[in-house]
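A.B. asks: After the sequence you'll find the predicted model.
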2 protein chains.
Amino acid sequence: MKSELEFIEKIRRRYSLSKIGDDCAVLPKDSRTDLVITTDLLVEDIDFRRDWTTPEFLGHKSLAVSLSDVAAMGAKPVWAMLSIGVPEAVWKTDFVERFYDGYCRLAGKFNVELVGGDVSKTPDKIVIDSIAAGEVKKNKAVLRSGAKVGDLIFVTGKLGGAAAGLKLLEDGTFYNDSAKIWQKNLLLKQLQPLPQIHAARDLNEKNAATSMIDLSDGLSSDLAHICRESKVGATVYADKIPFHKNLRATAKSFDEKLNLALNGGEDYELLFTVNPKKNFHIENKLKNGFLFHIGEITANTEIIELITHDKIEILQPKGFRHF
Amino acid sequence: MKSELEFIEKIRRRYSLSKIGDDCAVLPKDSRTDLVITTDLLVEDIDFRRDWTTPEFLGHKSLAVSLSDVAAMGAKPVWAMLSIGVPEAVWKTDFVERFYDGYCRLAGKFNVELVGGDVSKTPDKIVIDSIAAGEVKKNKAVLRSGAKVGDLIFVTGKLGGAAAGLKLLEDGTFYNDSAKIWQKNLLLKQLQPLPQIHAARDLNEKNAATSMIDLSDGLSSDLAHICRESKVGATVYADKIPFHKNLRATAKSFDEKLNLALNGGEDYELLFTVNPKKNFHIENKLKNGFLFHIGEITANTEIIELITHDKIEILQPKGFRHF
């Protein structure tokens, strides 16, 4: 059975679609600016469950996942569109209004204007298509394809929290008053992720990143995307991967935590590479613990080595995929 | 129960969304150009049925409905994005590839570049979100709100064909070798509509249209949208409404044909208004039967009068709506 990646690659070649394959498409806007744009489809019982979230959280997350793609280009989000389809029974409730409340609150936070959309009926599941667009200086969008051998690899935050939150939901722990603080922390990482807009803009203003992607599928898969598009390999140090502070409550062993951080996905932090000679641009943030150095880019094309305390293994992409 | 229109109006006011409410959002591109953009959500068993169409027709129609929105702004379509979600059983077939074939063939016809998208899994129904963008000279996008009292009302083609095609499908007549030519004509109007890109560009180059909308919901509803946004009314002459040539085969009486043409929807022709002093711009097309004059704009705010041979009645919007 074909994977999503194989299918997209085939379509890309067959129809010569040169703008496909990054977090966003990059399109010329005016003489000084490029427009970046992305679309994300979220389907009930595949990408979310109605009884695990609230309409407000779902509205927030629908926009957040697209803003995260805009951030991954080093761009400033500017406007968005939203298509939503709901069954008649849901339409009759306050679901859609509460969904828009969550959506528009996040939009307001980053001055993103909702400019259009569509409302439709569905037979039984909710479907959402979230479209977001941003602006970036001409030819300054940070692509997946810019990583060079020797570049340092960084992430903008601690990992595994969203996956641990999903585990809690699967085990029947929901976001409500009876949840403990550490549980709420993990659940919020899963249900209400914050896109790394400011970190992305900061990196881009300093021309610091040579390549960038957002951590939606999971570090192992997302780093593989960078390696494939950049035609490079990577070495990652297991003991340098920053774990979410509450991981220890759900994952007992180091290997369990590492698995959540590498393959869990949905942390919506940014993964990026930096030329070591330009490392000074981000040293302050490194010192202050806002950025984490986790490895290096190598010439070992499309091979990612994971170095643990006692061995070196080949890291397989085990993040999320639909097909 | 709230209607779609009421809901969108509420969201528009609550969050001060000034760009919502036309066929496309109009956004500044550069000093000479505006970008127009639209999104359309299509859901299986609501907006289409898998056994009534082919993957190629569905791919074509998914893009066509959005290009029609771009045309309705008087804009030239430039790029598009596509989100598609399918159940696993459909993914395993050649459905998605054939869908893209239909989609990309229409895209190629109008030089529209597919720049991005998303592929997702769904539990059991196919969902499609089609996004299309176009360009138009600065401040020259044709809005729904520009109709003035005394303007003449036109449509770009004959009506009712798509609705008659839908009736055939509902009655079990499908598009295949055993279908008669007139049946194929009607089925193609429903399954493979052609957006009126060239007519729209032509009108806009001459600054001919004061307002415009595409006929997706149905003439009675779409003219009501123009009247509401323009704060005007309208008079429509029943005997001037052009019927699709094959309507007589499915609709026996004049009233049946009139009902299909007024309320059927999905013809994807354009409905527009023209200042009578600028009528000379379109006279040639009128003479050659490419445009049809069907009525006038009146001061009777939000009231549409339908004049038949023996009476005047108030035309209620009876076109398609989800809620």
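C.D. replies: Thanks, I have it. Residues are numbered from 1 along each chain as shown, chains lettered A, B, ... in the order given.
A.B. asks: which bits of the stretch 51-200 of chain A sit near chain B?
C.D. replies: A:79, A:81-85, A:88, A:91-92, A:96-97, A:100, A:104, A:113-123, A:125, A:127, A:129, A:131 (CB under 8 Å from any CB of the partner chain). Any C-beta I mention is one placed from the backbone N, CA and C, and that applies to glycine too.
A.B. asks: let's go with 6 Å and repeat that
C.D. replies: A:81, A:83, A:85, A:91-92, A:100, A:104, A:114-116, A:118-123, A:127, A:129, A:131 (CB under 6 Å from any CB of the partner chain).
A.B. asks: Can you tell me which of these are buried?
C.D. replies: A:81, A:83, A:85, A:91, A:100, A:104, A:114-116, A:118-122, A:127, A:129, A:131 (16 or more other CB atoms under 10 Å in any protein chain shown).
A.B. asks: Just want the residue of the stretch 151-300 of chain A that's nearest chain B.
C.D. replies: Ranked by CB to the nearest CB, the top residue of the stretch 151-300 of chain A for proximity to chain B is residue A:216, at 11.1 Å.
A.B. asks: Now the element after the helix or strand where residue A:131 lies, going C-ward?
C.D. replies: Using DSSP states H and E, the element containing residue A:131 is strand A:127-137. Next in sequence after strand A:127-137, counting helices and strands by DSSP H and E, comes strand A:152-155.
A.B. asks: Mind listing what's buried along the helix or strand following that next one?
C.D. replies: Sequence-wise, the next helix or strand downstream of strand A:152-155 (DSSP H and E) is helix A:161-170. For helix A:161-170, burial by neighbour count (16+ other CB under 10 Å) applies to A:161, A:162, A:163, A:164, A:165, A:166, A:167, A:168, A:169.
A.B. asks: What of stretch A:238-246?
C.D. replies: A:238, A:241, A:242, A:243, A:244, A:246.
A.B. asks: can I get the CA coordinates of the lowest-mean-pLDDT helix or strand in chain A in CSV?
C.D. replies: Every helix and strand of chain A was ranked by mean pLDDT, DSSP states H and E. The lowest is helix A:283-287, at a mean of 80. The C-alpha trace of helix A:283-287 is given here as CSV (Å, rounded to 0.1, in the frame of the first residue of the first chain):
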residue,chain,number,x,y,z
GLU,A,283,23.7,31.7,22.2
ASN,A,284,21.7,33.8,24.6
LYS,A,285,18.6,31.8,24.1
LEU,A,286,20.6,28.6,24.5
LYS,A,287,22.0,29.8,27.8
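A.B. asks: what residues does stretch A:138-147 touch?
C.D. replies: With CB atoms under 6 Å, 6 or more residues apart in numbering or on different chains as the test, stretch A:138-147 has contacts from A:22, A:26, A:32, A:34, A:36, A:73-74, A:209-213, A:225-226, A:229-230, A:232, A:273, A:297.
A.B. asks: So for that stretch, mean pLDDT?
C.D. replies: Average pLDDT, stretch A:138-147: 97.
A.B. asks: Regarding that stretch, how distant is the last residue from the first?
C.D. replies: 19 Å (CA to CA, to the nearest Å).
A.B. asks: and that stretch, which residues are buried?
C.D. replies: Buried-residue list, stretch A:138-147, by 16+ other CB under 10 Å: A:141, A:142, A:143, A:144, A:145, A:146, A:147.
A.B. asks: out of those, who's nearest residue B:312?
C.D. replies: Closest approach between these and residue B:312, by CB to CB: residue A:141, at 58.7 Å.
A.B. asks: can you pull out the strands in chain A?
C.D. replies: Ranges of strands in chain A, per DSSP state E, are A:25-28, A:33-43, A:76-86, A:113-121, A:127-137, A:152-155, A:209-214, A:233-237, A:270-274, A:292-298, A:304-307, A:312-314.
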